[in-house]
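Asks: After the sequence you'll find the predicted model.
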Amino acid sequence: MRSITLLLLLHTLAPVWAQERPVTRLSSPVVNDSADTDLLPPAFYRGRRQALRDSLPAGGVAVLFAAPVRNRSNDVDHEYHQDPDLYYLTGLREPNAVLFVFKEPQPVNGREVKELLVVRVRDPKREVWDGERLGSEGAMVRLGLEMAITGEDLLQVTMAMDERHTRFMALPKDPPANDPRDPADLQDLMATVADRTAKAEHGPPERLRNWLAAMREVKLPEEIALLRRAIDITCEAQVALMKALFPGMTEFQSEAVVQFVFTARGAEHEGYPSILGSGRHSCVLHYVTNRRIMANGDLLVSDVGAEYHGYTADVTRTLPVNGRFSTEQKAIYELVLKAQDAGIAAVKPGAPFRGAHEAATEVITQGLIRLGLIQKADEVKRYFMHGTSHYLGLDVHDPGTYGPLKVNTVLTVEPGIYIPQGSPCDPKWWDIGVRIEDDVLVTADGCEVLSDCVPRSIAEVEALMAEPWDGVLPGLR
Ligand code: GLY
Ligand code: MN
Ligand code: MN
């Protein structure tokens, strides 16, 4: 009891201590004990900045901001997630930052530089609460930026931006909130940058994001390695779930199995909220409530993706909760699988982006007519109402050009059939929702299914589901 009281007291006192006790040690720990030994190196990000520079016209200046901090409620924020374009160019994970990439070297504080990163100032008092900040020196040393300054410095910096320059600016998607305690929050940085670059020509607002979309569409080998890792972790989670699933389990318990594997294998996050929709929820495309008790005879759509060092997987399996597909479930599952095979076969260099969707839609249309679920081809959207593919990378729905497929692009192939209650068909089909989603790399001679580490066929899925899961992962005991 006494120790609990003491703990409470310490906790209550903590803010006062933080304000009163001087904390001066700002240097990084000497020992590098991070488990993350495979983060992409500064040279990768330097190369990406150079590729962007190559896209800029003479006099061009690219300006990108960090993602805003998002408030969850009261004094608690959501976990911070960087703007993927800024991350792709810097590796920076901190908020309140601006990146300038200049086509030609520009004088900044009297020094000619090709790039400038504005970051948060180091702040001993804040770092007691939120952890170490990179600061301007850290940004140069650890991220390899040619020049980095703090947000406070940006107010004083001398930087000529006039009609000889064209500004290409990517604003945050949502406006940031004002932090009255911070003179260099994102709002302040945006206002300062707008002021500093006001005399420059203003390029079309979408141009910078479009250049970055074209760059991000084609992955470099280092990015493919991280995607493979994210996908392998996700496969392991899907296999664990197949073994763990039983009637009476809740959707959130199935989510816990997935999350356990993600975290135990070093994924920092889910790439998107896990979709674990059973029974009627199998027909809700982006269901994330995950509170239902699963019943004997249900299907579970498990659409999950680990995010590893920023790169996310996106893999869906549809599982019979009791381990055996019913006759109707089997018919729909086989049809979706056949559609997916047709979609995957359409993925090759030079093929149209929509080729996979068209191939999958044709199979599903003919199959639904054969099963008597629809009469005419144009009714197919009633049960297959989404696209078949999207790019995959730092975003689960990664940007790209949607032009002909290019080697080293990664995309999903994910047809589905969803027959909610009340659909105009025999009720024996109701509540059957099936999606099968794999992550596919375009290769010189076709494609590679990166997520084939988790089986798809009915026989393989049922065989795996018959195996026990003891809750322990190999190598962790
Ligand atoms: N997980 C969302 C999607 O498959 O697009
Ligand atoms: Mn997807
Ligand atoms: Mn998905």
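Replies: Sure thing, it's come through. Ligands and ions are numbered 1, 2, ... in the order given.

Asks: ok now the longest helix along the chain, how far from the chain's centre?
Replies: Once the chain is assigned using DSSP state H, the helix that runs over the most residues is helix 221-244. Per CA atoms, centre = their mean, to the nearest Å, the displacement of helix 221-244 from the mean C-alpha position of its chain is 14 Å.

Asks: Likewise for stretch 382-394?
Replies: Centroid separation for stretch 382-394 versus its chain: 15 Å, with CA atoms, centre = their mean.

Asks: Same question for stretch 401-419.
Replies: In terms of CA atoms, centre = their mean, the centre of stretch 401-419 is set 16 Å apart from its chain centre.

Asks: and what of stretch 347-367?
Replies: A distance of 25 Å separates the centroid of the chain from that of stretch 347-367, by CA atoms, centre = their mean.

Asks: which residue packs closest to the closest residue to ligand 2 within the stretch 51-200 of the chain, ignoring adjacent ones?
Replies: Per CB to the ion, the residue of the stretch 51-200 of the chain with the smallest distance to ligand 2 is Pro84, at 16.0 Å. Placement of C-beta: from N, CA and C, glycine included. If you skip the residues right next to it in sequence, Pro84 has Leu394 as its closest partner in space, 3.8 Å away by CB to CB, 6 or more residues apart in numbering.

Asks: again, but for Pro183
Replies: Spatially, and ignoring its direct neighbours in sequence, Pro183 is nearest to Glu152 (6.6 Å; CB to CB, 6+ apart).

Asks: And the helices in the stretch 51-200 of the chain, which stretches?
Replies: With DSSP state H, counting those that start in this stretch as the criterion, the stretch 51-200 of the chain has helices at 84-90, 124-130, 135-143, 151-156, 186-196.

Asks: What mean pLDDT does the first one get?
Replies: Read it as helix 84-90. Taken as a whole, helix 84-90 carries a mean pLDDT of 98.

Asks: going forward, begin numbering at 839 instead of 1
Replies: Okay, using 839 as the starting number, the last item reads as helix 922-928.

Asks: Pull the residues that contact it.
Replies: Helix 922-928 is contacted from outside by 883, 886-887, 890, 902-905, 930-931, 935, 937, 939, 955, 981, 983, 1008, 1047, 1050, 1053-1054, 1148, 1231-1233, using CB atoms under 8 Å, 6 or more residues apart in numbering.

Asks: can we see that at 6 Å?
Replies: Defining contact as CB atoms under 6 Å, 6 or more residues apart in numbering, one finds that helix 922-928 is touched by 883, 886-887, 902, 904, 937, 981, 1050, 1148, 1232-1233.

Asks: Likewise for stretch 1242-1250?
Replies: Contact with stretch 1242-1250 is made by 1055-1057, 1065, 1152, 1187-1189, 1227-1230, 1275, 1277-1280, 1282, as judged by CB under 6 Å, 6+ apart.

Asks: Now do the buried residues in that stretch.
Replies: Buried residues in stretch 1242-1250, counted by 16 or more other CB atoms under 10 Å: 1243, 1246-1250.

Asks: Stretch 899-914 too?
Replies: Going by neighbour count (16+ other CB under 10 Å), the buried part of stretch 899-914 is 899-907.

Asks: And the contacts of stretch 1189-1203?
Replies: Contacts of stretch 1189-1203 with the rest of the structure, by CB under 6 Å, 6+ apart, involve 1176-1177, 1180-1181, 1184-1185, 1215, 1218, 1222, 1225-1227, 1240, 1243, 1251, 1253.

Asks: and Gln1167, how far is that from Ser1261?
Replies: Gln1167 sits 15 Å away from Ser1261, going by CB to CB, to the nearest Å.

Asks: Of the two, which one has the most company?
Replies: For Gln1167 versus Ser1261, the count of surrounding residues by other CB atoms under 10 Å is larger for Gln1167: 22 against 17.

Asks: Look up how far Tyr883 lies from the more buried one.
Replies: Using CB to CB, we find Gln1167 at a distance of 47 Å from Tyr883.
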